[in-house]
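Undergrad: Kindly generate the corresponding structure for this input.
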Amino acid sequence: THNNPRYAGLFPKLIGVVQFYKVTLSRQRLIRALQYRLWHNLKKVIIYPIVLWILSKRHETLFTADIDQIPAWPRNKSVIIDIDDPIFIHDWARVLNLPQVKAIIVTTERMKAIFQQLGVVQPIYVIPQGVPMECINPYKAKQVRAEFKGENDLVVGYCAPTLTLSCDGPWRARQGIDDLDLLLAAAEEARKSEHRMKLWLFGEPSKAVRKYVAQGRGSWIKLFGYVPFCDILDYLLNCDIAVYPRTNRDFIGFKAKTAQYMACGIPIISTDAEESF
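TA: Numbers count the residues shown, from 1 in each chain. Take a look at the predicted model:
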């Protein structure tokens, strides 16, 4: 499984042509934190050079989603990199121009143009974010409606990997891009004139979000927790309105969640986000 929608949909389709190598960390939080820090600090200088050199003896091509693996791969013109969350800096452009790179895959034409402006000359291909409509289970969608949605409810839905508030502090998940401050303030205001409104939130909530909901808002805010990518459409189909409340300026491109909303035919209320196909 993968909590990145692009790779949750893509990786199963590549099983027949790609040999996946996966490192699994401990489920115990403290051990996992230690393992992650060791991995993060050692991957460029020890782990990737050793492991990728060994794998290069077995495989001619490296398919990766991690730009840090490119310099450690010893074969030229044999790396295919899929970039979902780019950082548009000259260091990235330099690595993408290394002789090991055969092809670069991005999700929007805008991302391709920005990399080319930074001086990337290797071949770049655009494969947009997709929504696997075959994942929809009509029976499951009806079950969700029967269990969670009242006859007169007006459901507003939002999904993200994590759900945070600014009061969670500087170390909150994903650097605060999933903060709900604006959305919750807007929802409080909207309920003054539309009492039927219910807010469905999909994602792992922080302590501050749980506390906010526990303070008398549990009747109209539903925390579903993390819902697997293969199931999320069954829930979104029961929303009347979808929201995209991010306040940061994002230069990555078209978001999977926005595509999911559109695929389900849900009207979207959004901040002035830098989104494009």
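
Undergrad: Show me where the stretch 1-150 of the chain has its strands.
TA: Under the criterion DSSP state E, counting those that start in this stretch, the stretch 1-150 of the chain carries strands at the ranges 62-64, 79-82, 101-106, 124-126.

Undergrad: Would you tell me which of these gets closest to R145?
TA: When these are compared by Cβ to Cβ, strand 79-82 sits nearest R145, at 35.4 Å. Where C-beta positions appear, they are placed from N, C-alpha and C, glycine not excepted.

Undergrad: Residues touching the closest one, excluding its own?
TA: With contact meaning Cβ atoms under 8 Å, 6 or more residues apart in numbering, strand 79-82 is reached by 6, 10, 61-65, 67, 69-70, 73, 96, 100-105, 127.

Undergrad: how does it look with 7 Å?
TA: Here strand 79-82 makes contact (Cβ atoms under 7 Å, 6 or more residues apart in numbering) with 61-65, 67, 70, 73, 100-105.

Undergrad: Once you drop chain neighbours, what's closest to Y226?
TA: Excluding its sequence neighbours, the residue lying closest to Y226 (Cβ to Cβ, 6 or more residues apart in numbering) is E204, at 5.0 Å.

Undergrad: rewinding a little: could you redo the strands of the stretch 1-150 of the chain as TSV and give each row distance to S219?
TA: Formatted as TSV, the entries for those read as follows, by distance: least, Cβ to Cβ, whole Å:
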stretch	distance to S219
strand 62-64	47
strand 79-82	43
strand 101-106	44
strand 124-126	45
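
Undergrad: Compare those and give me the one nearest V45.
TA: When the strands of the stretch 1-150 of the chain are compared by Cβ to Cβ, strand 62-64 sits nearest V45, at 17.7 Å.

Undergrad: Now do that closest one: which elements does it pack against?
TA: The criterion is 3 or more Cβ pairs under 7 Å, 6 or more residues apart in numbering; DSSP states H and E, and the helices and strands that strand 62-64 contacts are strand 79-82.

Undergrad: So which residue of this protein lies furthest out from the middle?
TA: In the chain, the greatest distance from the average C-alpha position (Cα atoms, centre = their mean) is reached by S193, at 33.2 Å.

Undergrad: part of a helix, is that residue?
TA: No. Secondary structure assignment places S193 outside any helix; it is coil (DSSP: H, G, I helix; E, B strand; the rest coil).

Undergrad: Would you quantify the distance from it to L154?
TA: Distance, S193 to L154, by Cβ to Cβ, to the nearest Å: 11 Å.

Undergrad: before we move on, back to that, using the three-state scheme, assign the residue nearest to Y226.
TA: Following three-state DSSP, we place E204 in the strand state.

Undergrad: what bridges to it?
TA: Partner residues in beta bridges with E204: T162, with DSSP bridges as the criterion.

Undergrad: for it, what are its contacts?
TA: Contacts of E204 were listed using Cβ under 7 Å, 6+ apart, and they are P161, T162, L163, G225, Y226.

Undergrad: Do a quick rundown of the strands in the stretch 151-277 of the chain.
TA: In the stretch 151-277 of the chain, strands defined by DSSP E, counting those that start in this stretch lie at 154-163, 197-205, 221-225, 241-244, 268-270, listed in chain order.

Undergrad: If you drop the residues flanking it in sequence, what lies closest to C135?
TA: Once flanking residues are discounted, C135 sits nearest to C230: 5.1 Å by Cβ to Cβ, 6+ apart.

Undergrad: That neighbour: how many residues sit nearby?
TA: Other residues lying near C230 total 16 when counted by other Cβ atoms under 10 Å.

Undergrad: Tell me the spacing between N152 and K198.
TA: N152 sits 10 Å away from K198 when distances are taken as Cβ to Cβ.

Undergrad: can you list the weak-confidence ranges in the stretch 101-250 of the chain?
TA: 248-250 (pLDDT under 70).

Undergrad: how about 90 then?
TA: Flagging of the stretch 101-250 of the chain using pLDDT under 90 yields the residue ranges 107-110, 127-136, 160-161, 170-178, 228-230, 246-250.
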